[in-house]
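Asker: Sequence plus the predicted model coming up.
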Amino acid sequence: MSLLDTRLATARPVQHSTGRGWFAYAGRLRGEGTEARRAWRYGYVRRVVVGDVVCAAMAGLAGYAVRFGTDAGGTAHASFWAALALPLIWVGAMLVARSYEQRYLWVGPEEFRRVYGAAVMLLATLGTVSWAFRLEVARGFVILAVPLATTLTLAQRYTRRRLLHRARSGGRYQQTTILVGHRSAVAALDEQIDREAYHGYRVIGCCLPSDQQRPGAEAFNGLPVLGNLAEVADVVARFEVDAVAVLPCPELDGSALRRLGWALEKTQAELLLAPAVTELVGSRVQIRPVSGLPLLHMERPELAGVRRLTKSLFDKTAAAFGLLFLLPALLTVALTIKVTSPGPVFFKQQRVGRDGRTFPMFKFRSMVVGADRMVDDLAPESDGNGVLFKKKDDPRVTGIGRFIRRYSIDEMPQLINVLRGDMSLVGPRPPLASEVERYGFDMHRRFLVKPGLTGLWQVSGRSDLSWDDSVRIDVRYVENWSLTFDFMILWKTVGAVLRGSGAY
């Protein structure tokens with residue numbers, strides 16, 4: 001079996017029922033064309049529409065029942081018909097907001113933003129129409145039914161998306177993809193796509209410049225080399241590729257990319273262009289016309305001003321409430337540590353924070369006293385990433401320490417650091433001074449913000465991350481910080497802590 005056959009074979013979806021199951025069987029990645037591999041999408045959209053109808057119907061009836069009960073007055077009568085019509089009105093609002101378009105589904109927050117926007121638009125429209133035509137629809141019914149329909153719709157769409165992501169991570173509902181560009185960029189993008197398999201792209205090979213193809217070598221980095229840059233369209237047609245990801249390279253300038261786009265119009269492949277700066281989210285990248293040309297504008301990261309003040313107020317308020325709410329549990333953990341292991345309850349260590357300033361970081365002690373002085377002896381056996389020392393079966397960890405480390409309970413005293421202003425709820429990992437001495441230029445970018453009690457590192461694998469991945473996600477957080485991003489990380493932290501993945 002060739003390397004390409006191996007790539008395709010491992011990408012095949014697991015066969016499952018094509019009856020009234022959640023998805024129609026999408027077809028194997030080899031032996032069927034792009035249409036067959038994309039067939040499941042239409043069933044997914046239909047089920048989303050049906051789910052929205054059911055959610056709106058439940059919200060309408062629940063809103064009517066809560067507001068009126070058995071009342072049969074004029075206002076109740078008009079609201080009853082409004083409740084029956086709500087599913088159709090709701091789907092109409094979703095259509096106007098274009099929330100059923102495939103490009104907004106499956107990944108990214110745009111689908112949810114459009115659902116929320118449709119709900120706001122519907123509330124405004126219902127209020128205006130009721131006032132203009134003097135309809136006797138009760139305001140209480142509207143303000144109950146529409147928010148409930150929004151909540152149920154967001155929940156059912158999120159659930160469907162999670163099920164799809166789980167299936168994609170298992171190898172189903174994939175799009176065959178080839179990468180086009182220079183060797184180093186292609187290898188990096190292949191690793192990124194493999195890490196986030198839930199996006200549904202399965203890389204089957206690459207096209208490299210002719211001068212980077214080694215004689216007699218069919219592959220590099222586990223990727224089959226399917227052709228050179230001039231043969232991309234032929235490779236797509238030969239293997240019925242679903243997507244072509246093009247990375248920045250001088251050989252593919254504006255005219256070459258334009259010709260490639262024209263050639264791919266004869267196929268069903270999507271053309272994906274990776275910007276030179278790949279760690280920036282869409283909110284900071286805007287296309288604006290300049291001198292008649294659509295140029296990509298990169299906005300500055302917002303690291304100061306009102307937004308930073310808002311983040312600080314939210315951090316300190318949440319930390320104060322968190323300490324009060326968790327106080328009984330924290331006292332129980334402290335007492336258990338004191339009883340089961342000689343030494344202090346808390347472990348205090350100097351860490352480096354914003355602008356390079358050091359601060360004492362608090363944790364529940366999970367190791368024997370003097371554990372920090374044993375690092376040099378254990379360093380040759382490190383399971384870390386070359387910069388951070390980590391050991392899965394660390395002999396320094398106490399019995400209770402193993403439990404509280406697995407579920408990150410030992411980090412809870414850092415709420416005190418958040419209250420003091422040394423840390424934030426969400427941010428990069430707080431490093432040791434010895435680690436900072438080994439940082440490269442890019443990693444110093446993390447000191448523009450406060451370190452966090454949790455962060456992208458917490459929800460992306462923690463101790464299982466390579467050093468390059470640690471750098472990438474820390475820089476990504478700093479470049480793309482927003483309150484919405486923080487809330488997303490906090491939400492994902494719950495699942496990461498319960499799974500205990502990467503915690504040792």
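Answerer: Now that the structure is in, tell me what you want to look at.
Asker: Just say helix, strand or coil for the nearest residue to residue 366 once chain neighbours are set aside.
Answerer: Spatial nearest neighbour of residue 366, excluding adjacent residues (C-beta to C-beta, 6 or more residues apart in numbering): residue 401 at 3.0 Å. From N, CA and C alone the C-beta is placed, and that goes for glycine too. Per DSSP: H, G, I helix; E, B strand; the rest coil, the local secondary structure of residue 401 is helix.
Asker: just checking, residue 401 touches residue 369?
Answerer: No. With contact taken as C-beta atoms under 8 Å, residue 401 and residue 369 are classed as non-touching, separated by 11.7 Å.
Asker: From residue 214, how far off is the residue nearest to residue 366?
Answerer: Counting by C-beta to C-beta, to the nearest Å, the gap from residue 401 to residue 214 is 50 Å.
Asker: Among the two, which residue is more densely surrounded?
Answerer: Shown here are residue 401 and residue 214; by other C-beta atoms under 10 Å, residue 401 has more neighbours (23 against 11).
Asker: For residue 159, see how far away that one is.
Answerer: Distance from residue 401 to residue 159, by C-beta to C-beta: 37 Å.
Asker: Residue 176 is in contact with residue 193, isn't it?
Answerer: No. Residue 176 is beyond contact range of residue 193, at 11.9 Å (criterion: C-beta under 8 Å).
Asker: what's residue 363 sitting at in phi/psi?
Answerer: phi -140, psi 160 (degrees, to the nearest 10).
Asker: Could you check the pLDDT of it?
Answerer: Listed pLDDT for residue 363 reads 93.
Asker: Would you check how far apart it and residue 410 are?
Answerer: 5 Å.
Asker: neighbours around residue 405, how many?
Answerer: Residue 405 is flanked by 21 other residues according to other C-beta under 10 Å.
Asker: Quick check: closest non-adjacent residue to it.
Answerer: Leaving aside its chain neighbours, residue 405 sits nearest to residue 366 (5.0 Å; criterion: C-beta to C-beta, 6+ apart).
Asker: check contacts around that neighbour.
Answerer: 347, 397-398, 400-402, 404-405, 410 (C-beta atoms under 8 Å, 6 or more residues apart in numbering).
Asker: Show me which of those is closest to residue 339.
Answerer: Proximity to residue 339 was ranked across the contacts of residue 366 by C-beta to C-beta; first place goes to residue 400, at 8.9 Å.
Asker: contacting residues for the residue nearest to residue 164 when sequence neighbours are not counted?
Answerer: Once flanking residues are discounted, residue 164 sits nearest to residue 106: 6.2 Å by C-beta to C-beta, 6+ apart. By C-beta under 8 Å, 6+ apart, the contact set of residue 106 is 161, 164, 199-200.
Asker: what's the answer for residue 117, then?
Answerer: Residue 117 neighbours (C-beta under 8 Å, 6+ apart): residue 97.
Asker: If we use 10 Å, what do you get?
Answerer: 93, 96-99 (C-beta atoms under 10 Å, 6 or more residues apart in numbering).
Asker: List buried residues within these.
Answerer: Buried members of these, counted by 16 or more other C-beta atoms under 10 Å: 93, 97, 99.
Asker: and of the residues you listed, the nearest to residue 257?
Answerer: residue 99 (31.0 Å).
Asker: Work out for me the element the residue lying closest to the closest one once chain neighbours are set aside sits within.
Answerer: Distances taken as C-beta to C-beta, 6+ apart put residue 114 closest to residue 99, at 4.1 Å, once the chain neighbours are dropped. Using DSSP states H and E, residue 114 sits in helix 110-133.
Asker: what is the rounded mean pLDDT of that helix?
Answerer: 84.
Asker: And that helix, what's buried?
Answerer: Buried residues in helix 110-133, counted by 16+ other C-beta under 10 Å: 111-112, 114-116, 118-119, 122-123, 126, 130.
Asker: Stretch 209-216 too?
Answerer: So, applying 16+ other C-beta under 10 Å, buried residues of stretch 209-216: 209, 212-213.
Asker: what's the answer for stretch 397-416, then?
Answerer: Within stretch 397-416, judged by 16+ other C-beta under 10 Å, the buried ones are 397-398, 400-401, 403-406, 408-416.
Asker: Okay, and which of these map to strands?
Answerer: Nothing among those maps onto strands, per DSSP state E.
Asker: contacting residues for the closest residue to residue 330 other than its chain neighbours?
Answerer: Computed as C-beta to C-beta, 6+ apart, the closest residue to residue 330 that is not its neighbour in sequence is residue 412, at 6.1 Å. Contacts of residue 412 were listed using C-beta under 10 Å, 6+ apart, and they are 322-323, 326, 329-330, 333, 362-364, 404, 453.
Asker: Relative to residue 412, how far out is the nearest residue to residue 316 once chain neighbours are set aside?
Answerer: Using C-beta to C-beta, 6+ apart and skipping residues adjacent in sequence, the residue nearest residue 316 is residue 419, 5.8 Å away. Look at residue 419 and residue 412: by C-beta to C-beta, they are 12 Å apart.
Asker: shared neighbours of these two, anything?
Answerer: With C-beta under 10 Å, 6+ apart as the test, residue 419 and residue 412 both reach 322-323.
Asker: Is it possible to mark the buried ones in the contacts of residue 412?
Answerer: Buried among the contacts of residue 412 (16+ other C-beta under 10 Å): 322-323, 330, 333, 362-364, 404, 453.
Asker: Dump the residues you listed to CSV, plus secondary structure.
Answerer: Below are those laid out as CSV (three-state DSSP):
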residue, secondary structure
322, helix
323, helix
330, helix
333, helix
362, strand
363, strand
364, strand
404, helix
453, strand
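Asker: any idea which of those residues is closest to residue 373?
Answerer: When the buried ones among the contacts of residue 412 are ranked by distance to residue 373 (C-beta to C-beta), residue 363 comes first, at 16.6 Å.
Asker: Alright, I will stop here.
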